[in-house]
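Undergrad: structure of the sequence below:
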Amino acid sequence: MDKNTAEYNFVEVEKKWQKRWEEAGAFEADPIDGKKKFFIIFAYPGISGYLHVGHMRGYTYADVIARYMRMRGYNVLFPAGFHASGLPSVGFARKIERGDPATIAMLKENGVPDKIIEKLKDPYEVVNFFRDIYIDEWKKFGFSIDFRYTLCSIDLGYQRFIQWQFRKLHEKNLLVKKQHYAPYCPRCGPVAVDPSETDISRGGNAEILDFLIIKFRDLEDKSLVYPAATLRPETIFGVTNMWVNPDVEYLIVNMGDERWIISEEGKRKIEFQTGKELKVEGKIMGKDLIERRVIAPLVDRDIPVYPAKFVDPMVGTGIVMSVPGHAPYDWIALKDLGMPVNPISIIKVEGFSDFPAKDACEMFNVRSQEDAEALEQATKEVYKREYHKGVMKENCGDFAGIKVSEAKELVKERLISIGEAMVFKEFSEEVICRCGSRVYIKLVPDQWFIKYSDPELKRKTLEHVGTMAFYPKHAGDTIKGAIEWYDDRACVRKGRWLGTRFPLDESWIIEPISDSTLYPAYYIIAKYVNLGLIREEDLDDEVFDYVFLGKGSPKKGLEDVIEAMRKEFLYWYPVDINLGGKEHMTVHFPVYIMNHVAILSMEHWPRGIFVNWWVVQSKTTKEKLSKSKGGAEPAPKIGERYGIDAIRLYYCHEASPHDDMEWSFERLEDYTKRIKYIWMLFHKMLSLNGSNVKFIDRWIKSRINTRIESIMKRLDSLDIRGAASEIFYGIPDDIEHYLKEGGNNKEIARYVLERWIKLMAPITPHIAEELWFLLGNKKFVSLESYPKVESKSISRDIEIGEEIIIRLVDDIQEIIKVTGITPRKVYVYIADEWKYEALKALYNSNFNIGKVIKEFIGRVQDKKVVPKVVQDLRKLSFDVPENLVKGVVEGFREEKVFKEEAKRIEEKIGAEIIILSERESREDHKQKAIKALPLKPAIVIE
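TA: You can find the predicted model right below:
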């Protein structure tokens, strides 16, 4: 077998072209006067381990867009960086320090020697190690990144840039200091809790909820308090009992003049939120609290303490107040336990009886405490309806007749004012730090914030968002909504962080979201630092003011380099596309836009955002792949088994970028086979040696240009999946049809291949380069122009004609199969012209049957056939592809094509074919001939 037609060796080919691109500096981008530019970035990754296939999905889309725009004639800047700020690298180093078996095994599996592993106890070594790994992994995926522009968020120059940014925010009165409750890890210090899960391994969607701890005092010892945390203080009027877990050991702690019975976890939470250490006076088992009686404040009613194993000592204080009339959990618990408690009705709400909890349990078919999901639904339904429509009843004292939505705050204020309650914060779900510790909520009395609530900043930002391009469009609505509700954001923290010192108080470190908003601007500076043209020590506010704001003048002694940086910034900025995962829509993207609006001039504000959804382990669970949660194999290793181009095509074709994509090695194998199939199909076409130009040659030439037109429209709107479908499935189908129909023209084959290879280059660049080279080309196809449409080569009639020929042959063969006839002659009767006109009239009238019948009864001699024909034409319009109907409307007639290709049709059916008009039919064929319709001729076989 010829070496070129041997099975495709993707490992060898991919390495070869990656090396050649790097040696040639193929994707290096410098400003070119007069040439249109395109600046694209992806959200730079945090450093916490190897990149996996979840990361590579979004990066691949960025590369596809960059490659496409480069081939479309744009000067493309595609840089990349490393977001080393925060805890991820610290957490990784700690795992090495404590000898975490899984982490060390993972490193050894990836060939890391013990000597290097030992060094990774230092977080800075972790950053240095993985930044080299990431660059290598990006290169292995064929990303057309200009690595001269690489930055890292803990580099000195970057940190000076961030400090400049914060001084600018301060100048504009957009920094403010106030009290704050912040997520806090006892081991790592403050952490960020958001969907990006930069600092945490679980709980990214957790919210900080405002609870109230209500004090229930022991009936015999008023200084002994049973504190219960609740979201609904107004329901104190309906409390019937308390719940404690009989198997939990509770602590008795000193709280000023009071002694509180509380779980150990509850004690820790209160210590973090008050800043005071609570002295433990004693301990008591929950079972020893059963049947004690306590006094409920405001209602001054003594109630019993009951056992309940469902009480979680990790939630709240470990003690729960029971309001069975209005809390489904309490209603069903009392029912399950058979406790002698009569519920108290305190809220009147339309659509419910006196006991909404009972109604909701019945509504959602809750039978026991085991029905967790139904119980949650029932609870939400009661809370929603009572909060929005409920009114407090007469037995609620001073609060009778008040709406629940108002009573909630009023009761809270009253309880606090009489010393019977305190504010308490709780996460809506458990949050776990990357180090494995539980995350708490801690009071920070002097927290610095970026003032995103500033009305003028919001107004300008929202106006600008209306001018931006979003992919998908609805992402813009989500981001706009996030900006509308965005409040001041804590921007600094204390702890063992990597990051930039806060310039107004260097005891603080700027947190990772806040140091990753304006960063694309620093890519410009990074190039000059990386090339040794300016020292990081020379970067200061004077330099940044001039480069980014045009203020002042270049620093003495550095005039040339600073002028060059200013010129380059003005050339590349703004960012045309910022690409990131869907978790960034409510976290990163809003502040990315707002900081640009706050600091830079309008012409440098972002132009577009592309949001990619996740790679998930299962579409059922929607659990994204992540290093911290497992199931995330380093991507390059998978590439060695399946091929990088196959993975890239998998990302681009398997699902829309804007849908979650379930990872499947079985499906990936299909894409490896598709790449090998394309290799084989290329060689089939390359082996053609004919010279005659036939109908099918004109068809494939028209078809490839039609495809180019469609693919460019798709890629211009960043419909990557639609383009991939046409390039890797549509065009191969066209080529297979061409070969099947006897296509053999050498020049036409090369014409098609040249264009096809260019079309595939942005998505599967390695095989594209190899095929381009096999055609005898010397330059990179990646740097060629994307194919242009040759309008003169597109023939609607030829394309439709070929489709009609195939339909005709299929119909004839089906008749032969059904009837069992061995054909000698096949008569094909073409419909009368009036039927074509009637179809056109139907299409143009939006299928107004009555109108068309009326028109053609007046035009056709045999009037009685008109209604039936028009009805048949309407049915036909929905049975055949619209492009065929449109062709008829625009003048296509199949008779010419049938006659031109009669010989090919005869070869396919093995019989003589006779093409006649409906009016020319033989007498014995008339009953069949009159049934001929446009696009569906009548067929008679003899």
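Undergrad: pull out the buried residues from stretch 736-747.
TA: 737-739, 741, 743-745 (16 or more other C-beta atoms under 10 Å). C-beta coordinates here come from the backbone N, C-alpha and C atoms, glycine included.
Undergrad: ok, stretch 802-812 next?
TA: Applying 16+ other C-beta under 10 Å to stretch 802-812 flags 802-805, 807-809, 812 as buried.
Undergrad: and that stretch, average pLDDT?
TA: Mean pLDDT, computed over stretch 802-812, is 96.
Undergrad: got the domain ranges for this protein?
TA: According to automatic domain parsing, the chain comprises the domains 31-171+469-616, 208-427, 664-794, 811-941.
Undergrad: include distance to residue 197 when you put the ones you listed into JSON lines, please.
TA: What follows is these, written out as JSON lines (distance: least, C-beta to C-beta, whole Å):
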{"stretch": "domain 31-171+469-616", "distance to residue 197": "8"}
{"stretch": "domain 208-427", "distance to residue 197": "14"}
{"stretch": "domain 664-794", "distance to residue 197": "24"}
{"stretch": "domain 811-941", "distance to residue 197": "46"}
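Undergrad: which one of those domains lies nearest to residue 16?
TA: domain 664-794 (7.7 Å; C-beta to C-beta).
Undergrad: distance from the chain centre to the closest one, please.
TA: On the basis of C-alpha atoms, centre = their mean, to the nearest Å, domain 664-794 sits 30 Å off its chain's mean C-alpha point.
Undergrad: again, but for stretch 417-432
TA: Centre-to-centre, stretch 417-432 and its host chain are 33 Å apart (C-alpha atoms, centre = their mean).
Undergrad: that one spans what distance, first to last residue?
TA: Using C-alpha to C-alpha, to the nearest Å, the end-to-end distance of stretch 417-432 comes out at 35 Å.
Undergrad: list the buried residues for it?
TA: Using 16+ other C-beta under 10 Å as the test for burial, stretch 417-432 gives 420-422, 424-427, 431-432.
Undergrad: and if you look at stretch 929-941?
TA: For stretch 929-941, using 16+ other C-beta under 10 Å, the buried residues are 929-941.
Undergrad: helices - which of those land there?
TA: residue 929 (DSSP state H).
Undergrad: now residue 827: which helix or strand?
TA: Per DSSP states H and E, residue 827 falls inside strand 825-830.
Undergrad: and the helix or strand that that strand is followed by, which residues are buried?
TA: Per DSSP H and E, the first helix or strand lying C-terminal to strand 825-830 is helix 833-844. Residues of helix 833-844 classed as buried by neighbour count (16+ other C-beta under 10 Å): 835-843.
Undergrad: any idea which of those residues is closest to residue 490?
TA: residue 843 (61.6 Å).
Undergrad: look up the closest residue to the closest one, ignoring the ones flanking it.
TA: Leaving aside its chain neighbours, residue 843 sits nearest to residue 889 (5.0 Å; criterion: C-beta to C-beta, 6 or more residues apart in numbering).
Undergrad: so who does the one you found touch?
TA: 839-840, 843-844 (C-beta atoms under 8 Å, 6 or more residues apart in numbering).
Undergrad: do residue 247 as well
TA: 285-287, 309.
Undergrad: okay, and the helix or strand of this protein with the least pLDDT?
TA: strand 189-190 (a mean of 84; mean pLDDT, DSSP states H and E).
Undergrad: hang on, the earlier thing: which of the buried residues of stretch 736-747 sits closest to residue 377?
TA: residue 737 (53.9 Å).
Undergrad: roughly how far does the closest one sit from residue 688?
TA: To residue 688, residue 737 is 14 Å away according to C-beta to C-beta, to the nearest Å.
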